[in-house]
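Enquirer: Dropping a prediction and its sequence here:
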Amino acid sequence: MENNLRQLAAYAAVARARSFTAAAARLHVSQSSLSRAVADLERQLGTLLLERDTRNVQLTVAGVEALRIAEQIVNAHRSGMKELERFLLGEAGTVAVATLPSVAAVLLPPAIAGFRRQWPRVTMQIMDGLEQSVLGRVLSGDADFAITTGEPSGQLEHRPLVRDRFVAVLPQDHPLAEGPEVSWEELSREPFLAVGPESSVRRLTDAAFAQIGVRAAPATEAGNVATVGGLVAAGLGVSALPALVLPLLGTGSIVHRPLVGPVVDRRLDVALRARRALPVAASRFLETLEDSRARHNDLPPGVSWAL
């Protein structure tokens, strides 16, 4: 295949120049090697492509069609090799990040905007979902890395990125909204609107109630936090959510107050497959996130960079 590509490139150069001498000079090869390459191509195709005499080179009918196809193949090969080079240098390709919806909507956009200004040829692919599906994307190789909750395992390496504090989410006119903060015990006495059991948020709220020895039976469960926000705004109950999800709740009639007794933080880590090197572009985007953490770039209220 490599020889065929060379033959096609040699033929295209001669056919365009209508001269073996000029084509040889352009390609920096000897005229004899160029002549052999074209002759070998003609022999493989079983047809004459060029009509030669001592002074002129003319294309046959087959030669005209062969030139069109040869240039398509040579140009596609050249373009593909340039694209591969850009990928290997981290200047092109796709960075695939699996993450929770709140991270995808709130934390990542500023980082992606800054990264794309520097590397405009790199495409970002964001795969948002719940904790287990996000981690599964990394383990399967679909994602370069994840930003999520969860404990380190033998297969995944975790690097702390941010923490966000749990807050009470209340209807605007709720009595608990009158104070500067709300305790988990106070929250447990109200109709509690819970995120579904598959969510990492639910695991943490259940653990917080268990820590103070109470069980807040959900009055209603919802599959995502935006739905919970709508239910709270409608006055159907209260909830506890991490601060990073608050921008996803919309502009309904809700307020939030810090939760105490205990203070509960959710830690979000970068999760990577252990002992696996990242593509250059993915590694650069991860460096962008780490740089934001090192510089203590601004984060939404209630969210802080993890130490």
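Expert: Now that the structure is in, tell me what you want to look at.
Enquirer: how close does residue 257 sit to residue 281?
Expert: Distance, residue 257 to residue 281, by Cβ to Cβ, to the nearest Å: 42 Å. In this view, the C-beta of every residue, glycine as well, is placed from N, C-alpha and C.
Enquirer: Give me the more crowded residue out of the two.
Expert: In this view residue 257 and residue 281 are compared by other Cβ atoms under 10 Å, and residue 281 has more residues nearby, 25 against 19.
Enquirer: next helix or strand past the helix or strand containing the more buried one?
Expert: Assigned by DSSP states H and E, residue 281 falls within helix 280-295. Counting by DSSP H and E, the element after helix 280-295 in chain order, helix or strand, is strand 303-305.
Enquirer: Buried residues in that following strand, which are they?
Expert: Residues 303-304 are the ones in strand 303-305 that count as buried (16 or more other Cβ atoms under 10 Å).
Enquirer: same check, this time on stretch 110-129
Expert: Under 16+ other Cβ under 10 Å, the buried positions of stretch 110-129 are 111-112, 115, 119, 122, 124, 126-129.
Enquirer: Repeat that for stretch 10-29.
Expert: Neighbour-count burial for stretch 10-29, counted by 16+ other Cβ under 10 Å, picks out 10-15, 17, 19-20, 23-24, 27.
Enquirer: ok, now how distant is residue 173 from residue 140?
Expert: Using Cβ to Cβ, residue 173 is found at 47 Å from residue 140.
Enquirer: Same question for residue 65.
Expert: As judged by Cβ to Cβ, residue 65 and residue 140 stand 45 Å apart.
Enquirer: after the helix or strand where residue 112 lies comes which helix or strand?
Expert: Residue 112 is part of helix 108-118, with elements assigned from DSSP H and E. Remark: after helix 108-118, the chain's next helix or strand is strand 122-128, criterion DSSP H and E.
Enquirer: what's the spacing between that following strand and its chain's center?
Expert: Strand 122-128 sits 3 Å away from the centroid of its parent chain (Cα atoms, centre = their mean, to the nearest Å).
Enquirer: After that strand, heading C-terminal, what element do we hit next?
Expert: From strand 122-128 onward toward the C-terminus, using DSSP H and E, the following helix or strand is helix 131-140.
Enquirer: just the CA coordinates of the following helix or strand past that next one, formatted as CSV?
Expert: Downstream of helix 131-140, the first helix or strand assigned by DSSP H and E is strand 145-148. C-alpha atoms of strand 145-148 as CSV (Å, rounded to 0.1, in the frame of the first residue of the first chain):
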residue,chain,number,x,y,z
PHE,A,145,-11.9,10.9,32.8
ALA,A,146,-14.9,11.7,35.0
ILE,A,147,-15.8,14.4,37.5
THR,A,148,-18.0,12.8,40.1
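Enquirer: Buried ones in strand 145-148, by neighbour count?
Expert: For strand 145-148, the buried set under the neighbour-count rule, 16+ other Cβ under 10 Å, comprises 145-148.
Enquirer: for the stretch 101-250 of the chain, what spans make up the helices?
Expert: Ranges of helices in the stretch 101-250 of the chain, per DSSP state H, counting those that start in this stretch, are 101-102, 108-118, 131-140, 184-188, 200-211, 225-233.
Enquirer: Mean pLDDT and distance to residue 165 added to the ones you listed, as JSON lines?
Expert: Below are the helices of the stretch 101-250 of the chain laid out as JSON lines (pLDDT from 0 to 100; distance: least, Cβ to Cβ, whole Å):
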{"stretch": "helix 101-102", "mean pLDDT": "90", "distance to residue 165": "13"}
{"stretch": "helix 108-118", "mean pLDDT": "92", "distance to residue 165": "20"}
{"stretch": "helix 131-140", "mean pLDDT": "89", "distance to residue 165": "19"}
{"stretch": "helix 184-188", "mean pLDDT": "94", "distance to residue 165": "13"}
{"stretch": "helix 200-211", "mean pLDDT": "92", "distance to residue 165": "11"}
{"stretch": "helix 225-233", "mean pLDDT": "91", "distance to residue 165": "15"}
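Enquirer: ok, so of the buried residues of strand 145-148, who is nearest residue 161?
Expert: residue 147 (6.2 Å; Cβ to Cβ).
Enquirer: from memory the closest one sits against residue 102, does it?
Expert: No: between residue 147 and residue 102 there is no contact under Cβ atoms under 8 Å: 10.0 Å.
Enquirer: which residues do these two both contact?
Expert: Any residue near both residue 147 and residue 102 by Cβ atoms under 8 Å, 6 or more residues apart in numbering counts here, and not one turns up.
Enquirer: Poorly predicted segments of the stretch 151-300 of the chain, please.
Expert: Scanning the stretch 151-300 of the chain with the threshold set as pLDDT under 70 gives 251.
Enquirer: Before I go, just wanted to say thanks for your time.
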